[in-house]
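1. Predicted structure and sequence below. I'll ask about it afterward.
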Amino acid sequence: MTPAARLSAAVELLAALEAQPRRPADATANDFFRARRFIGSGDRRDVSDRVWAVVRERLRLDWHLAQAGAAPTARLLVAAHLRLVDGASPAAVAGSFSGERHAEAPLSAPERRVLDALAPPLLRPEMPEDVRFNLPAWALPGFRERFGEELPEAAAAMTGAAPLDLRVNLLKTTRDAARAALAAEGVETTPTPWSPWGLRLPGRRPILATAAFREGLVEVQDEGSQLIALLADARPGMRVADYCAGAAGKTLAMAATMNNRGRIVACDVSVPRLTGATQRLRRAGVDNAETHLLEPGDRWAKRRAGQFDRVLVDAPCTGTGTWRRNPDARLRTGPQDLAELVTKQQEILSHAASLVRAGGRLVYATCSVLPEEDEAQVASLLEKRPEFRVVPLEQAWGEVSAGGSPPCAGPFLALAPHAQATDGFFCAVLERRGGGDEAAVSDGAG
């Protein structure tokens with residue numbers, strides 16, 4: 001494809017995203033390219049890079065277009081990105097819309113007037129604070145509460161691209177062996193600084209096509225997510241519940257720390273997610289896990305109250321910590337979503353807490369950086385369930401690491417791209433008070 005044809009495809013894909021604003025962008029993009037198999041891998045990467053770059057800067061591009069009196073159409077968004085981010089001249093931008101050889105149709109007279117009104121730089125001092133930080137206005141208070149004086153640095157990191165992290169499957173290999181296997185396929189990695197199982201790539205690579213992935217030696221998982229599974233401290237012989245398992249990324253990690261001994265129940269409300277989880281568990285060689293579909297009226301949790309040594313709740317959340325990886329999510333998520341999720345998180349925590357035996361632990365995690373979804377939820381649970389206490393991060397980290405300080409200070413694990421180079425994650429380890437025989441690790445039966 002010519003550069004102009006790739007730009008036209010980017011406009012078309014961006015228009016498809018605009019037509020389905022509540023649908024995850026990667027799902028729409030997958031459908032787009034599946035229907036256009038004639039687009040080669042290099043062209044596909046170029047088109048995707050352009051579209052994701054526009055999406056990353058969407059709040060700022062919208063502001064510039066509004067200042068020019070224009071609505072943010074797909075064509076104008078791409079043109080504005082060329083002008084304001086790439087620094088292309090108006091003539092060069094117009095030249096990319098020539099209408100020749102699969103290029104976009106020429107800019108109309110109104111579009112040309114908008115283009116002429118746009119001028120770098122992208123960032124302007126007169127921008128509202130939320131636009132300048134590239135954050136939705138509803139999320140700005142939570143970001144400010146979380147990061148304080150580090151807000152500019154944290155917001156900038158959320159706009160950047162994310163690396164690709166892998167978790168080595170210790171049921172099948174070692175980190176060094178997996179790294180060598182990937183290198184033999186031309187994929188160079190470096191060990192992650194905190195996760196003992198992690199490998200990092202500087203950018204996106206077709207990992208799913210490698211033999212190392214197909215054979216279950218590695219899984220795609222951000223280092224921050226790996227650390228949550230590490231802090232769960234699931235040991236051989238334990239009974240473990242992964243209460244919001246999704247596709248079972250943390251179930252896989254905990255199965256490895258348990259050396260396939262004991263029992264894990266991966267629970268979720270979605271049949272497709274659990275189906276995907278079953279496939280991943282099989283590929284990874286996990287045989288101590290089962291799945292359970294949580295349905296309305298389900299009495300599974302009541303029948304198993306107080307039976308689990310570890311209960312991990314990776315709660316549904318706004319995903320604000322993953323906005324560098326899923327830039328469209330900051331456009332799809334709003335204050336109503338936050339309000340609904342906070343209520344849902346409270347309900348999930350209440351049900352999950354009942355599963356924990358005396359002496360066992362409840363691990364609450366989100367991929368959010370908003371205090372309403374994190375510390376506030378922990379405080380709410382402790383008020384309602386005083387039998388639980390916080391296990392300080394330094395203690396929990398010391399129990400599972402080979403030494404050294406935890407990645408951050410404070411009682412909880414609170415990660416962010418600008419500070420730890422992971423996605424934004426929160427994790428609290430809570431222990432249910434108990435003593436005597438109740439505190440002993442179960443034998444894993446059942």
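-> All right, it came through fine.

2. Now Val391. Its backbone dihedrals?
-> Comment: the main-chain dihedrals of Val391 come out as phi -90, psi 110, following degrees, to the nearest 10.

3. distance of it from Ile228?
-> Counting by CB to CB, to the nearest Å, the gap between Val391 and Ile228 amounts to 14 Å. Yep, even glycine has a C-beta here, placed from its N, CA and C like the rest.

4. Distance of the closest residue to Pro24 other than its chain neighbours relative to Leu13?
-> Of all residues beyond its chain neighbours, the one nearest Pro24 is Asp328 (6.8 Å), with distances taken as CB to CB, 6 or more residues apart in numbering. Between Asp328 and Leu13 the distance is 12 Å, computed by CB to CB.

5. before we move on, the earlier item: what's the neighbour count on the residue nearest to Pro24?
-> Other residues near Asp328 number 21, with proximity taken as other CB atoms under 10 Å.

6. For it, give me the backbone phi and psi.
-> With angles defined as degrees, to the nearest 10, Asp328 sits at phi -70, psi -20.

7. In terms of secondary structure, what does the longest helix seen in the chain contact?
-> Ranked by residue count and defined by DSSP state H, the top helix of the chain is helix 335-353. Counting contacts by 3 or more CB pairs under 8 Å, 6 or more residues apart in numbering; DSSP states H and E, the secondary-structure elements packed against helix 335-353 are strand 308-314, strand 356-366, helix 375-384.

8. ok, back up a step: Val391 and Ile228 - which one has more neighbours?
-> Under the criterion of other CB under 10 Å, the comparison of Val391 against Ile228 puts Ile228 first, with 27 against 21.

9. Was I right to think the more buried one contacts Ala428?
-> No: counting by CB atoms under 8 Å, Ile228 stays clear of Ala428, with 10.1 Å between them.

10. list residues touching both of these two?
-> By CB atoms under 8 Å, 6 or more residues apart in numbering, Ile228 and Ala428 have these common neighbours: Val363, Ala365, Leu413.

11. Most neighbours of all the residues you listed, which one?
-> Neighbour counts for the shared contacts of Ile228 and Ala428 were taken using other CB under 10 Å; the highest belongs to Val363, which has 29 neighbours.

12. For Thr366, give me its contacts.
-> Asp314, Ala315, Cys317, Gly321, Gln345, Glu373, Asp374, Phe425, Phe426.

13. and what of Ala25?
-> Leu17, Val51, Trp52, Val55, Asn326, Pro327, Asp328.

14. Could you double-check that the second one lies in contact with Ala16?
-> Read it as Val51. No: here Val51 lies out of contact with Ala16, judged by CB under 8 Å, at a distance of 9.5 Å.

15. Of those two, give the one with the bigger neighbour count.
-> Taking Val51 and Ala16 together and counting by other CB under 10 Å, Val51 has the greater number of neighbours (28 against 18).

16. hmm, back to that, which one of the shared contacts of Ile228 and Ala428 sits closest to Val356?
-> The closest of the shared contacts of Ile228 and Ala428 to Val356 turns out to be Val363 (CB to CB; 9.8 Å).

17. Roughly how far does the closest one sit from Leu355?
-> From Val363 to Leu355 the distance is 12 Å (CB to CB).

18. can you pull out the strands in this structure?
-> With DSSP state E applied, the chain shows strands at 164-168, 190-191, 198-201, 218-220, 239-242, 263-268, 289-293, 308-314, 356-366, 388-391, 413-415, 425-432, listed in chain order.

19. In CSV: the ones you listed, plus distance to Pro24 and mean pLDDT.
-> Below are those laid out as CSV (distance: least, CB to CB, whole Å; pLDDT from 0 to 100):
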stretch, distance to Pro24, mean pLDDT
strand 164-168, 18, 96
strand 190-191, 29, 97
strand 198-201, 22, 96
strand 218-220, 16, 95
strand 239-242, 22, 98
strand 263-268, 17, 96
strand 289-293, 22, 94
strand 308-314, 18, 98
strand 356-366, 18, 98
strand 388-391, 34, 98
strand 413-415, 23, 98
strand 425-432, 19, 98
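
20. sorry, back to before: am I right that the residue nearest to Pro24 is in contact with Leu17?
-> Yes: here Asp328 reaches Leu17: they are 6.9 Å apart, a contact under CB under 8 Å.

21. joint contacts of those two?
-> Shared contacts of Asp328 and Leu17, counting by CB under 8 Å, 6+ apart, come down to Ala25, Val55.

22. Kindly provide the whole-number mean pLDDT of the longest helix of the chain.
-> For helix 335-353, mean pLDDT rounds to 97.

23. before we move on, the earlier item: relative to Ala103, which of the strands of the chain is closest?
-> Taking CB to CB, strand 164-168 is the member of the strands of the chain nearest to Ala103, at 32.6 Å.

24. For the closest one, which strands pair with it and how are they oriented?
-> Within its sheet, strand 164-168 is paired with strand 198-201 (antiparallel), strand 218-220 (antiparallel), according to DSSP bridges.

25. Distance from that strand to the middle of the chain?
-> Using CA atoms, centre = their mean, to the nearest Å, the mean C-alpha position of strand 164-168 is found 13 Å from that of the whole chain.

26. One more: stretch 168-180?
-> The chain centroid and the centroid of stretch 168-180 are separated by 23 Å, computed with CA atoms, centre = their mean.

27. still on that earlier bit, closest to Met258 out of the shared contacts of Ile228 and Ala428?
-> Of all these, the one sitting nearest Met258 is Val363; the distance, using CB to CB, is 14.5 Å.
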